[in-house]
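S.K.: okay, predicted coordinates and the sequence, questions at the end:
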Amino acid sequence: MSEDILKINNLFVNYKTRQGDVKAVNNLSFTLEKGDKFGLVGESGSGKTTLANAILRMIKPPGYIPSGDIFLDGTDVLNLSDSDLRKFRSTSVAIVPQAAMNALNPVRRVGQQMNDAFRDHGVKLSKSDLNYRLGELMETVGLRSDVPNLFPHELSGGMKQRVSIAMAVSLNPTLIIADEPTSALDVVVQRQVIDTLDQVKEKYGATILLVGHDMGLMAQFSNRLGIMYAGELVEVGSSDKIFSKPNHPYTEILISSLPDTKTKRKLVGIPGLPPTLLDPPTGCKFHPRCPKVFDPCSDLIPDKEIIDNKSFFSCHLASKNRAKVK
Amino acid sequence: MTDKSSVLLELSNVAKVFTTSGIFDKSELRAVDTISLKIEDSKPKITALAGESGSGKTTLGKLILGLLSPTEGEIFYRSKSLYDLNSSEKKQYRQDVQAIFQDPFSVYNPFYKVDHLFEAPIKKFKITKNKDEARQLIEDSIETVGLRVSETLGRYPHQLSGGQRQRIMVARALMVKPKIIVADEPVSMVDASLRATILEALRTIHEKENISMIYITHDLNTAYQIAEDIKIMYHGEVVEEGGVDDVINNPKHPYTQLLINCIPKPNPKEKWIEKKKLQELISNLDKPIIE
């Protein structure tokens, strides 16, 4: 039996605006198992970064969490006291941010910044121990051992991203959230950064939640996938299954619209625009753009169709197909 | 041999050198290192320029657009050097060579409605005779890129999504009836679900209006889908060029091989090459990759 590391139950995250609440994450539940490499995919505005921030409890006003539970390794994240929360971040969950160039302090050397995190979490290291630990971390992420003595501006984009990975793993967290860590990088460097994440996962046994919109990258990296649309998870399952046989029409178009280098064909995108979450469509939120839309889609919210305890999707087609079989 | 008159734009041994001078040191960066290229009038093509950031592909795009002037070599427009064009020829060149940029957010002036973006070139190039004709032309080009007129005209840029804005840029470039469009990473800042739509719009106008295109990208997947020819740039040089099928299925230069092997294939069953092989490919390069 593998154990559940992260459990999210019926989570809502709203942003207050003058026109009313924007439901960025809407009644979302899923679990991550220890050692999972979970890919969270969605368009911009689908709420994937909001979800990632909620796990770290980094939702700032005007955002708030009206209801829901987040359990990480048994800890009730949403009810942590401020001082416990401070300890919880970095030791239980760490983030590799999208823009590593903005995440590093420009006036402190890399090593000093990393030591700040150690000290803040009560890890006092002598100079030689610190050097040893930093050296080890740099080796894991494939950087030269002199990098801790450098300032962020002396590093390239890929190196900075690897420094932030090293920072994320420095306190050995259970869960690492990587929020589009490679979207600013070239393909070759992207490949190297993803390899680094893999390596770190192997070495420290962490669970990884990779947030992004590049399905190609997800196919290469993750073992499980979650597809987000308009604040909801519309499909969750193993990457192999989702890519070979997607159940939700949105997943299906998302995969078929990917250009590849095998066959030249007409490129078909997803028609229409993502819905505004201030006033989302009734029924299934994807129905205005869905090519397979039929009667109940515009009125009824589809139920979750459970495939097994790790996979589900939400679409009316499921019940239609069942009716056909009968 | 190609007939000289059919060559629309020609770059002959063009180089662009950026110098940074400090108090004590002076350094040179050859962003574009002696490249020649021809765009013919009779055979419109989509040519992809691919490479990593810093390889000089955007600089080359700007040279073609006339936004930068070359340090070495010369650029010819209808076999006349860009330096020798008189004002009406210069205007014609500006009309014939249009740009679509990467960032659909910063190209707009937030104080003007999108209409302004279409009306300005019509006035400048005197494309239409009267207002009704102008309106018709604007509406036609908006529809060509798959947008609805009622949802675009009369709005301010902030009321439109990134995908809509980028398609409006395509519509604007198309409207002035250019001969060449330089599209610099037109889809890299747009969502995956909208990329296909924009690329398809580019392909349609290339086929319908016989416009040549320079498609600048770092994404070989999209380059393969829409381009006929491809040039791989590396440290300012074109290291490999040819038809996309040849180059992508049978890459010769080690850098091209590296690039192709690093494309994340959208299929979990086709994994990337092993790390060892990747290291081997990287060590085959004579110049380091820009990390």
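M.R.: Nice, I can see it. Numbering: from 1, shown residues only, chains lettered A, B, ... in the order given.
S.K.: moving C-terminal of the helix or strand hosting B:I75, what's the next helix or strand?
M.R.: Per DSSP states H and E, B:I75 falls inside strand B:72-77. Once the chain leaves strand B:72-77, the next helix or strand it forms, by DSSP H and E, is strand B:80-81.
S.K.: near A:K124, how many other residues are there?
M.R.: Neighbour count of A:K124, defined by other C-beta atoms under 10 Å in any protein chain shown: 9. (C-beta placed from N, C-alpha, C; glycine too.)
S.K.: who's in contact with it?
M.R.: Taking C-beta atoms under 8 Å, 6 or more residues apart in numbering or on different chains, we find A:K124 in contact with A:F118.
S.K.: distance of the nearest residue to A:R86 once chain neighbours are set aside relative to A:K304?
M.R.: Nearest residue to A:R86, sequence neighbours excluded (C-beta to C-beta, 6 or more residues apart in numbering or on different chains): A:D120, at 7.6 Å. Per C-beta to C-beta, to the nearest Å, A:D120 is found 41 Å from A:K304.
S.K.: so is A:M138 in a helix, a strand, or just coil?
M.R.: Following DSSP: H, G, I helix; E, B strand; the rest coil, we place A:M138 in the helix state.
S.K.: how many other residues sit next to the residue nearest to A:R86?
M.R.: With other C-beta under 10 Å as criterion, A:D120 counts 13.
S.K.: do A:V13 as well
M.R.: Using other C-beta under 10 Å, A:V13 has 23 other residues around it.
S.K.: swap in B:K91?
M.R.: B:K91: 14 neighbours (other C-beta under 10 Å).
S.K.: ok so, going back, tell me the buried residues in the strand holding B:I75?
M.R.: B:G73, B:I75, B:F76, B:Y77 (16 or more other C-beta atoms under 10 Å in any protein chain shown).
S.K.: walk me through the domains of chain B.
M.R.: Annotated domains of chain B cover B:45-69+B:92-243, B:251-291 [automatic domain parsing].
S.K.: and the end-to-end length of stretch B:150-163?
M.R.: End-to-end span of stretch B:150-163 (C-alpha to C-alpha, to the nearest Å): 16 Å.
S.K.: touching chain A at all, it?
M.R.: Yes - using C-beta under 8 Å from any C-beta of the partner chain, stretch B:150-163 reaches chain A at B:S161, B:G162, B:G163.
S.K.: what's the most buried one of the domains of chain B?
M.R.: Highest mean neighbour count of the domains of chain B: domain B:45-69+B:92-243, a mean of 20 (counted as mean count of other C-beta atoms under 10 Å in any protein chain shown).
S.K.: tell me the bridge partners for the spatially most central residue of chain A.
M.R.: Central residue of chain A (C-alpha atoms, centre = their mean): A:V211, 3.0 Å from the mean position. Beta-bridge pairing for A:V211 (DSSP bridges): A:L40, A:D179.
S.K.: for the stretch 1-150 of chain A, list the residues in contact with chain B, please.
M.R.: Going by C-beta under 8 Å from any C-beta, the residues of the stretch 1-150 of chain A near chain B are A:E43, A:S44.
S.K.: tell me the contacts of the closest residue to B:S53 other than its chain neighbours?
M.R.: Spatial nearest neighbour of B:S53, excluding adjacent residues (C-beta to C-beta, 6+ apart): A:D186 at 5.7 Å. Residues near A:D186 by C-beta under 8 Å, 6+ apart: A:G158, B:E52, B:S53, B:H218, B:I289, B:I290.
S.K.: show me the two of those residues that sit farthest apart.
M.R.: With C-beta to C-beta as the measure, no two of the contacts of A:D186 lie farther apart than A:G158 and B:H218, at 13.7 Å.
S.K.: can I assume A:A99 is in contact with A:A184?
M.R.: Yes - with contacts counted by C-beta atoms under 8 Å, A:A99 reaches A:A184, the gap being 6.6 Å.
S.K.: helices of chain A, start to end?
M.R.: Using DSSP state H, the helices assigned to chain A run over residues A:48-55, A:82-91, A:100-103, A:110-120, A:127-140, A:157-169, A:187-204, A:215-221, A:239-244, A:249-256, A:317-325.
S.K.: for B:E185, which of those is the nearest?
M.R.: Nearest to B:E185, of all the helices of chain A, is helix A:187-204, at 13.3 Å by C-beta to C-beta.
S.K.: could I get the average pLDDT for the closest one?
M.R.: In this model, helix A:187-204 carries a mean pLDDT of 87.
S.K.: helices and strands around that helix, which ones?
M.R.: With contacts taken as 3 or more C-beta pairs under 8 Å, 6 or more residues apart in numbering or on different chains; DSSP states H and E, helix A:187-204 sits against helix A:127-140, helix A:157-169, strand A:175-179, strand A:207-212, helix A:215-221, helix B:254-261, helix B:275-283.
S.K.: I'd like those as a markdown table, with mean pLDDT appended.
M.R.: Formatted as a markdown table, the helices and strands packed on helix A:187-204 follow (pLDDT from 0 to 100):
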| stretch | mean pLDDT |
| --- | --- |
| helix A:127-140 | 91 |
| helix A:157-169 | 88 |
| strand A:175-179 | 92 |
| strand A:207-212 | 92 |
| helix A:215-221 | 90 |
| helix B:254-261 | 89 |
| helix B:275-283 | 83 |
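S.K.: quick one: closest of the ones you listed to A:N309.
M.R.: strand A:207-212 (17.2 Å).
S.K.: write out the residues of the stretch 101-250 of chain B neighbouring chain A.
M.R.: So far as C-beta under 8 Å from any C-beta goes, the stretch 101-250 of chain B lies against chain A at B:161-164, B:191-200, B:203, B:218-222, B:224-226, B:248-249.
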